[in-house]
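S.K.: no sequence on hand, only this structure:
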């Protein structure tokens, strides 16, 4: 009976420590370069997209979207916004009015189905004032 209780307690300690370290590790490994394509919902054009993530809660994140007009967002920060999900914001934009509207939008980053993939979603106002949604599937580079 004592052996069973000991085994159960030991298993609970192991499971608890596993989940604690797994939650702390969800942001670990995000920093670095992520490359792929993005597309505005309802449009055919696909744009080469590069996301360079600094450390969480620092201003070292950059997003570059290369389509008809190249847009670069800098001084970005990301922080946890749930399990395997982060909110991203940017402090500086270069690339025209559309890029400034994009920078003022809201960004969500989430882990993909494998550790070398992330998904980026941006919601912002287009030139007509309507809401535009940009989705990106990005893979770790290299």
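M.R.: Yep, that arrived. Quick caveat: nothing in here was measured; it's all calculated off a predicted structure. Numbers count the residues shown, from 1 in each chain.
S.K.: from here on, just use CA atoms for contacts and neighbour counts.
M.R.: Will do.
S.K.: care to break this protein down by domain?
M.R.: Domain assignment for the chain by automatic domain parsing gives 1-29, 31-141.
S.K.: now render the ones you listed as TSV, adding mean pLDDT and mean neighbour count.
M.R.: TSV is the format used below for the domains of the chain (pLDDT from 0 to 100; neighbours: other C-alpha atoms under 10 Å):
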stretch	mean pLDDT	mean neighbour count
domain 1-29	44	11
domain 31-141	96	17
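S.K.: centre-most residue in the protein?
M.R.: Central residue of the chain (C-alpha atoms, centre = their mean): residue 109, 2.5 Å from the mean position.
S.K.: specify the local secondary structure of the nearest residue to that residue once chain neighbours are set aside.
M.R.: Excluding its sequence neighbours, the residue lying closest to residue 109 (C-alpha to C-alpha, 6 or more residues apart in numbering) is residue 120, at 4.6 Å. Judged by DSSP: H, G, I helix; E, B strand; the rest coil, the three-state class of residue 120 is strand.
S.K.: help me confirm that residue 120 comes into contact with residue 106.
M.R.: No: using C-alpha atoms under 8 Å, residue 120 makes no contact with residue 106, being 10.5 Å away.
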